[in-house]
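Enquirer: Here's my sequence, what's the structure:
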Amino acid sequence: MPQIDKPNYLCVGCGACAYSCPKQCITYVDNPLGQYVPSVDYDKCIECKLCEKRCPIYSASIPQKHDGIQYNPITGEYISCYKGYDEKFRPTSASGGFLTAVLYNLLDTKSVDNVVCVINNHTESSFYQYDIVSEKDDLLKNSRSAYYPMEISSVLRYIRDNEGKYAIVVLPCQAKAIREIQRTDYILRERIMFLLGLVCGGMPGKDMVEYIALDNGLNVKDVQSISFREKSIADLNRQYSVTLRVTEYYSVRSRFPDEAFGFSYLNKLFHYRACNICDDIYAEFADAVFMDAWLPEHRDDKLGTSICIIRNKTLDDILTSYFANNTHCEPVNISIAIEAQNCVGLIQRKKKQSYFKRSFYHRLGYVTPEAKDIALSIAEKIKFFIRATQELLIQNKSSKLWIKFKQGAISFNKYKGEMKRFIKLVKKI
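Expert: Numbers count the residues shown, from 1 in each chain. A predicted model of the protein is given here:
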């Protein structure tokens with residue numbers, strides 16, 4: 001029997017298994033934290049285990065290396081690297097607007113017919129949906145990051161059933177899953193022209209939004225829409241925010257690092273545990289990856305600055321003139337992209353620590369991918385053990401208390417108060 005729906009299986013909720021199942025016996029349901037998790041109809045299951053083979057967490061696939069393309073062990077392959085911003089898209093984007101500008105150019109040059117990205121579209125079960133954008137001017141309403149879970153099975157089925165050339169905005173795990181699927185799915189291989197990745201620090205479940213709403217005295221059912229990283233003259237770009245809109249005239253805003261959004265995200269209260277062992281910072285299976293320039297010289301940016309790494313030769317050729325003509329952009333060494341993420345701790349956390357955590361989680365009974373054999377000093381092993389223990393203790397405590405809250409056994413204030421005290425205690429270790 002497949003293990004994908006077992007408690008000790010580290011799922012990231014990407015949707016690859018649901019799409020790949022030849023009997024369509026896998027559906028996604030929400031767990032108590034609002035995370036997508038697979039549910040298997042074992043009466044239909046033929047035990048082919050294709051679901052496990054397509055899983056980005058457990059697949060042993062590594063990004064293909066190409067002759068003549070530079071390689072860095074941290075970022076993966078790269079042809080070019082740029083830093084800067086796009087003046088047109090910067091105000092409405094999460095950082096400097098590079099990704100939106102690239103998508104705009106792909107549609108404008110007819111390099112793709114459709115762009116797949118997320119849009120703020122509130123339904124009974126979700127605040128976000130995938131959108132198929134064919135008109136370049138419609139990209140403005142899809143231009144911000146969404147710290148919200150999305151699974152890709154339905155959009156892959158749409159692409160399979162509808163001809164055209166597609167570019168998809170993806171997280172690192174989704175990029176790997178799609179590449180794994182494309183190995184045997186010739187329709188997706190032909191129709192998906194480009195995967196455009198986002199640097200990711202981990203994905204929370206939907207209930208993070210409910211936590212933020214309750215912390216601000218709102219019932220999440222009264223929230224009409226949410227928007228992450230809206231820009232304001234009152235905030236710096238590094239002060240991530242989420243805006244919860246109740247009516248046209250009333251909304252609340254929660255910021256990093258000390259308000260509810262920062263507290264819940266940075267402490268991973270609702271995060272997928274699979275994110276804890278992910279080692280892909282730069283979406284290495286994608287054709288390009290986009291990120292914030294978290295560098296000292298941009299610390300006081302209000303509107304944000306982007307960094308882009310391009311790996312695909314065709315994509316690089318399409319975009320050469322755009323980057324050359326953008327006076328707010330400059331080519332930079334790949335070390336700048338590395339330093340930008342090192343400044344916020346991602347290099348340490350998602351490279352060395354993730355390998356250590358794989359062995360750590362395996363000893364705790366989780367099904368884990370193979371841990372790479374890397375040299376660690378005694379000091380590093382002690383530090384990583386402490387941090388992995390803290391992280392898991394906090395997530396376990398949060399999960400247990402949140403379930404009690406959802407069952408009505410404790411109040412929200414009881415959950416919040418206990419979590420704050422527990423985190424303070426754990427971080428003294």
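Enquirer: ok, which stretches of the stretch 101-250 of the chain are helices?
Expert: For the stretch 101-250 of the chain, applying DSSP state H, counting those that start in this stretch gives helices covering 153-161, 172-182, 186-191, 207-215.
Enquirer: how about the ones you listed, which one is nearest residue 282?
Expert: Using Cβ to Cβ as the criterion, the shortest distance between residue 282 and these is 7.5 Å, found for helix 172-182. Heads up, the C-betas are built off the backbone N, CA and C, glycines and all.
Enquirer: name the helices or strands packed onto that closest one?
Expert: helix 16-20, helix 50-54, strand 166-170, helix 186-191, strand 192-198 (3 or more Cβ pairs under 8 Å, 6 or more residues apart in numbering; DSSP states H and E).
Enquirer: what about 7 Å?
Expert: Helices and strands in packing contact with helix 172-182 are listed as helix 16-20, helix 50-54, helix 186-191, strand 192-198; criterion 3 or more Cβ pairs under 7 Å, 6 or more residues apart in numbering; DSSP states H and E.
Enquirer: Any chance of the ones you listed in TSV with mean neighbour count and distance to residue 101 as columns?
Expert: Listed next are the helices and strands packed on helix 172-182 as TSV, based on neighbours: other Cβ atoms under 10 Å; distance: least, Cβ to Cβ, whole Å:
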stretch	mean neighbour count	distance to residue 101
helix 16-20	26	29
helix 50-54	21	32
helix 186-191	14	23
strand 192-198	24	11
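Enquirer: Ok, which of the ones you listed comes nearest residue 364?
Expert: Residue 364 lies closest, by Cβ to Cβ, to one member of the helices and strands packed on helix 172-182: helix 50-54, at 20.1 Å.
Enquirer: ok now the closest one, how far from the chain's centre?
Expert: 21 Å (Cα atoms, centre = their mean, to the nearest Å).
Enquirer: And stretch 85-93, by the same measure?
Expert: Average the C-alpha atoms of stretch 85-93, do the same for its chain, and the two points are 21 Å apart (Cα atoms, centre = their mean).
Enquirer: Need the residues that contact that stretch.
Expert: Counting by Cβ atoms under 7 Å, 6 or more residues apart in numbering, the neighbours of stretch 85-93 from elsewhere in the structure are 96-98, 100-101, 140, 143-144, 231, 303-306, 326, 328.
Enquirer: export it as CSV, just CAs?
Expert: Presented in CSV, the C-alpha positions along stretch 85-93 are these (Å, rounded to 0.1, in the frame of the first residue of the first chain):
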residue,chain,number,x,y,z
TYR,A,85,13.5,46.5,-10.2
ASP,A,86,10.9,47.2,-12.8
GLU,A,87,9.4,50.7,-12.4
LYS,A,88,6.0,49.7,-13.8
PHE,A,89,5.4,46.6,-11.7
ARG,A,90,7.4,47.4,-8.5
PRO,A,91,4.6,49.2,-6.6
THR,A,92,2.1,46.3,-7.0
SER,A,93,4.6,43.4,-6.6
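Enquirer: tell me the mean pLDDT over that stretch?
Expert: Summarised as a single mean, pLDDT over stretch 85-93 is 93.
Enquirer: in it, what's buried?
Expert: Judged by neighbour count (16 or more other Cβ atoms under 10 Å), stretch 85-93 contains these buried residues: 85-86, 89-90, 92-93.
Enquirer: sorry, back to before: quick check: which of the helices and strands packed on helix 172-182 is nearest to residue 268?
Expert: Proximity to residue 268 (Cβ to Cβ) singles out strand 192-198 among the helices and strands packed on helix 172-182, at 18.1 Å.
Enquirer: strand partners of the closest one, parallel vs antiparallel please.
Expert: Taking DSSP bridges as the criterion, strand 192-198 forms sheet pairs with strand 166-170 (parallel), strand 288-292 (parallel).
Enquirer: how about these in a markdown table, adding mean neighbour count?
Expert: Formatted as a markdown table, the entries for those read as follows, by neighbours: other Cβ atoms under 10 Å:
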| stretch | mean neighbour count |
| --- | --- |
| strand 166-170 | 25 |
| strand 288-292 | 27 |
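Enquirer: could I get the ones you listed as a markdown table with mean pLDDT and distance to residue 57?
Expert: Shown next, in a markdown table, are the strands paired with strand 192-198 (pLDDT from 0 to 100; distance: least, Cβ to Cβ, whole Å):
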| stretch | mean pLDDT | distance to residue 57 |
| --- | --- | --- |
| strand 166-170 | 98 | 15 |
| strand 288-292 | 97 | 19 |
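Enquirer: Tabulate these (JSON lines), appending distance to residue 314.
Expert: Rendered in JSON lines, the data for the strands paired with strand 192-198 read as follows (distance: least, Cβ to Cβ, whole Å):
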{"stretch": "strand 166-170", "distance to residue 314": "12"}
{"stretch": "strand 288-292", "distance to residue 314": "11"}
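Enquirer: To residue 337, which of those lies closest?
Expert: Nearest to residue 337 among the strands paired with strand 192-198 is strand 288-292; the distance by Cβ to Cβ comes to 6.9 Å.
Enquirer: now that closest one and helix 172-182, what's the angle there?
Expert: Between strand 288-292 and helix 172-182, the angle formed by their directions is 170 degrees, by axes from the mean of the first three to the mean of the last three Cα atoms, to 10 degrees.
Enquirer: Relative to the following helix or strand past strand 288-292, what are the paired strands and their orientations?
Expert: Going down the chain from strand 288-292, the next helix or strand is strand 306-310, by DSSP states H and E. Using DSSP bridges, strand 306-310 pairs in its sheet with strand 80-84 (antiparallel), strand 288-292 (antiparallel).
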